[in-house]
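Peer 1: with the input below, show me the fold.
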Amino acid sequence: MVRSLRLNHSAKKHVKPMRSKKPKNPRSSRPKVANLLRRNFGRRYELLADCFSSPRSQVVLGNASVSATSLLQPGEKHSFADKCVPKCNLGTRKAAEMKAPSLVPKPTKVPIIEPKGLPSVKIPTAIRVGSVPYLNARPLTRFIASEFEKVEPMQLAIELHAGKLDVALVPIMEVLESPANMYRIVDGLAIGSERAVYSVYLNYSVPLAKIKTVALDPASKTSVELARIVLGKFHRLNPTFVKPGQAADAQLLIGDPAITHRQANPEQNYLDLATAWRENTGLPFVFAVWAVRLPYWKARSVAGQLRTAGKLGLSWRDAIARTPFERQYLKEHLCYDLGARQKKGIEKFSQMLVQTGRLATAPKLSYI
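Peer 2: Predicted coordinates:
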């Protein structure tokens with residue numbers, strides 16, 4: 001049974017009726033703010049209200065923040081709606097002296113910024129560094145602040161072998177052919193490809209199965225040996241190799257000249273050597289590595305600096321590239337990793353060189 005509670009007359013006057021609390025209206029202060037702005041800034045307020053006409057614009061006055069459109073009197077119109085969304089602080093009278101904001105809309109496309117001002121890696125001047133003058137090496141050398149020599153891959157390997165250089169980005173064949181423990185390879189960085197490399201190929205004018213002569217590009221011994229393996233082991237061909245410039249059924253081209261020729265003659269026949277290697281071995285191919293001829297403690301320090309510069313350059317490939325093709329070439333056609341799969345590819349390449357008689361034994365490589 002529910003008993004009703006009855007209050008006598010004396011108790012009723014001590015009970016306050018419950019009232020619903022109305023939320024504070026943030027717009028209640030806007031007319032005051034608008035009048036204050038008109039009184040203090042006059043015509044300048046009207047210019048600002050016309051500029052800050054977007055419903056998203058906010059005008060900050062001290063601790064109060066109100067919509068700019070709410071400051072307009074009924075019937076006032078604005079001509080720049082939804083074009084500029086600025087914020088301004090009108091807390092002091094000094095704001096009246098400020099210049100009118102620019103009404104030109106910002107461009108939607110942001111241009112690529114050249115990676116200037118970023119920290120570069122400075123290798124000691126006593127250490128002589130060399131690299132190749134090709135686009136594929138640019139991400140690895142872009143952030144090396146020290147001066148270094150740029151020559152063709154074959155000449156670079158000769159100078160490193162002769163002791164004229166201490167560190168160089170040489171073809172992998174230079175490391176495989178050299179005596180054991182002569183070089184230490186910088187781990188983690190290389191120039192290779194997981195698919196079509198685009199810049200190392202055979203350009204042939206007869207059916208592939210009828211190639212009898214091949215003109216070799218002596219700029220890189222690695223590409224020459226890869227072409228021998230692709231034609232001999234993969235396609236069962238035994239062509240005659242001649243010097244460049246002589247009449248031949250096919251010619252080997254590498255580097256930037258190969259890119260230029262291929263873009264100028266897209267209708268010709270091309271056999272991409274990295275693609276042929278991947279299709280027959282299932283492994284990536286490594287064309288060049290950083291090789292170091294220094295005592296261990298110096299080699300370790302330089303290797304760390306080269307890795308730092310390489311990682312920085314790889315993260316800025318979009319800015320390093322000058323054209324859409326260069327961006328695609330650096331990011332899709334090339335692979336700059338030197339991990340387990342790349343090392344297996346190097347090992348497979350050295351084993352095939354032993355089988356074809358190009359190497360006496362497969363060397364044991366040293367990574368640092």
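Peer 1: and the strands in the stretch 251-368 of the chain?
Peer 2: For the stretch 251-368 of the chain, applying DSSP state E, counting those that start in this stretch gives strands covering 269-272, 285-292, 335-338.
Peer 1: highest average neighbour count across those strands?
Peer 2: Mean neighbour count (mean count of other CB atoms under 10 Å) peaks for strand 285-292 among the strands of the stretch 251-368 of the chain, with a mean of 26. From N, CA and C alone the C-beta is placed, and that goes for glycine too.
Peer 1: hang on, the earlier thing: including distance to Ser131, could the strands of the stretch 251-368 of the chain go into CSV?
Peer 2: What follows is the strands of the stretch 251-368 of the chain, written out as CSV (distance: least, CB to CB, whole Å):
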stretch, distance to Ser131
strand 269-272, 24
strand 285-292, 9
strand 335-338, 14
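Peer 1: between these, which one is closest to Lys164.
Peer 2: Nearest to Lys164 among these is strand 285-292 (13.4 Å), distances taken as CB to CB.
Peer 1: got any ranges where the protein has weak pLDDT?
Peer 2: Across the chain, the ranges flagged by pLDDT under 70 are 1-119.
Peer 1: the longest helix in it is where?
Peer 2: helix 296-315 (DSSP state H).
Peer 1: which parts of that helix are buried?
Peer 2: 298-299, 302-303, 305-307, 309-314 (16 or more other CB atoms under 10 Å).
Peer 1: for Ile346, give me its contacts.
Peer 2: By CB atoms under 8 Å, 6 or more residues apart in numbering, the contact set of Ile346 is Ile172, Leu176, Val286, Leu365.
Peer 1: by neighbours, which of these wins?
Peer 2: The most crowded member of the contacts of Ile346, judged by other CB atoms under 10 Å, is Ile172 (27 neighbours).
Peer 1: how close does the nearest residue to Arg138 once chain neighbours are set aside get to Val170?
Peer 2: Leaving aside its sequence neighbours, Arg138 sits nearest to Ile320 (CB to CB, 6 or more residues apart in numbering; 5.5 Å). Separation of Ile320 from Val170 (CB to CB, to the nearest Å): 22 Å.
Peer 1: ok, Val186 next?
Peer 2: 11 Å.
Peer 1: quick one, which of those two is more surrounded?
Peer 2: Val170 (30 against 26).
Peer 1: wait, doesn't the more buried one sit right on Glu152?
Peer 2: No: judged on CB atoms under 8 Å, Val170 makes no contact with Glu152 at a distance of 11.0 Å.
Peer 1: name the residues contacting each of Val186 and Val170.
Peer 2: What both Val186 and Val170 touch, as defined by CB under 8 Å, 6+ apart, is the set Val289, Ala291.
Peer 1: shouldn't Ile185 be within a strand?
Peer 2: Yes: applying DSSP: H, G, I helix; E, B strand; the rest coil, one finds Ile185 inside a strand.
Peer 1: who touches it in this structure?
Peer 2: Val175, Val289, Trp290, Ala291, Val292, Leu338, Leu365, Ser366, Tyr367, Ile368.
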